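Asks: A predicted structure for the sequence below; I have some questions about it.
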Amino acid sequence: MARVVPQRPPRGVRVWLRAFAGFYPPSDSTAQQLDPVAKFLFSARSVILVISVQTAAIAGLLALTDHAFDLVPFALVLVGFVIAHMLSNLLNDYFGHRRGDDTADSPRMRYTMHPFASGVLDRKTFVGGMAVLVIAGIAIVAYFAITRGPVALAFAAAGLALLYLYDAAPRTLKNIGLGEIAAFVVWGPLMIGGGYFVITGHVSPEAFWVSIPYGLGVMSILTGKHIDQLEFDRPHGHRTLPVILGPDRARVLNQVTIAAMYIGVALLIVLGGVTAFAALVVVALPKGLRAISVMGRPRPLSPPPGYVGWPLWYHRVSLAHNRVFGWTYISGLALGAIAASLWP
């Protein structure tokens, strides 16, 4: 009779890296077996952190194009953006659970594990992980306050204010129809324009303009998510933008938002804000057209076989599109930066 060898719980760097891939974290039962670092990474919804990595890359490439790139500030911007995003995700779940928004029948409890409601993230791991993030974040802000002055502090203060207003305020931006707009502002002008400033030491109006297409992409992700949650949000008094507009108009809004990403890039090329290499975003166009097509139809009543992340439907297709759009946009900007270095 064969001896049953108990399986060791998944641990180590390979598991930590898995937190950044795929769509959303494992079920509660699987997550309970993870080591503390993996639990914290999955709890922070690290799979979505790619949008903050992409914003840092865009800011860095704009600085490189302008012959003002500095490696140390760029590295700190990259780390700082990821830290701020992790804090936002964790606080969103913490306050959502504490306010009683994330009930057993809520979409948030269905598409992936909830670190607090499931007990996956115990108090010690949560407090310890948050302490590391907060200390690192304060150190980065202090560095830029010393090296870049009060403007850097103003950008940081604006980010903290939006973080508080979105997640922790008594009446959050999400519940007054401004959460989607806040996502556009944060991952567009604030992070890319502000990131450019702290890397280079000066404000660039062009950086703010170049940030708009990508900011719209992040807005489309959140709008799609709130359309998916609309049937739950409306009776619970959560007045997201899709709740205010209604499902049909909200889906049209997201179609327009996705189309505007490509129109924005085209206008930037014509007006000289970016080089013609930015036209590489056409590689993402099939994903964009698919997202627009999916938005044009009601969500199915049940998920297709093997579908991961239900009941998220519009959110997932918007996220898949924005990932490809982001990397192709970055590739175009990188080629523009190379061209600028060869032919200044």
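Replies: Great, that's in hand.
Asks: part of a helix, is residue 282?
Replies: Yes: according to DSSP: H, G, I helix; E, B strand; the rest coil, residue 282 belongs to a helix.
Asks: ok, it to residue 177 distance?
Replies: 33 Å (C-beta to C-beta, to the nearest Å). Placement of C-beta: from N, CA and C, glycine included.
Asks: again with residue 259
Replies: 22 Å.
Asks: also residue 164?
Replies: Residue 164 is 18 Å from residue 177, by C-beta to C-beta.
Asks: same question, residue 73
Replies: 36 Å.
Asks: higher neighbour count, those two?
Replies: residue 73 (25 against 16; other C-beta atoms under 10 Å).
Asks: show me the contacts for the more buried one.
Replies: Applying C-beta atoms under 8 Å, 6 or more residues apart in numbering to residue 73 gives the contacts 144, 147, 198-199.
Asks: now the strand or helix carrying it: buried residues?
Replies: Using DSSP states H and E, residue 73 sits in helix 71-99. Using 16 or more other C-beta atoms under 10 Å as the test for burial, helix 71-99 gives 73-74, 76-78, 80-97.
Asks: quick one: it to chain centroid distance?
Replies: The chain centre lies 10 Å from the centre of helix 71-99; the measure is C-alpha atoms, centre = their mean, to the nearest Å.
Asks: do the same with stretch 274-293
Replies: 19 Å.
Asks: so which bits of it are buried?
Replies: Here stretch 274-293 shows 274-275, 277-278, 280-281, 284, 287-288, 291-292 as buried, counting by 16+ other C-beta under 10 Å.
Asks: out of the residues you listed, who's nearest residue 63?
Replies: residue 274 (13.8 Å; C-beta to C-beta).
Asks: any idea how far residue 302 is from the spatially closest residue to the closest one that is not a sequence neighbour?
Replies: The shortest distance from residue 274 to any non-neighbouring residue, by C-beta to C-beta, 6 or more residues apart in numbering, is to residue 268 (4.7 Å). As judged by C-beta to C-beta, residue 268 and residue 302 stand 41 Å apart.
Asks: out of these two, which sits in the busier spot?
Replies: Set residue 268 next to residue 302 and count neighbours by other C-beta under 10 Å: residue 268 wins out with 18 against 9.
Asks: wasn't that one part of a helix?
Replies: Yes: secondary structure assignment (three-state DSSP) places residue 268 inside a helix.
Asks: surely it and residue 213 touch.
Replies: Yes: contact criterion C-beta atoms under 8 Å: residue 268 and residue 213 qualify, at 7.4 Å.
Asks: just the strands in the protein please.
Replies: Shown for the chain, no strands are assigned by DSSP state E.
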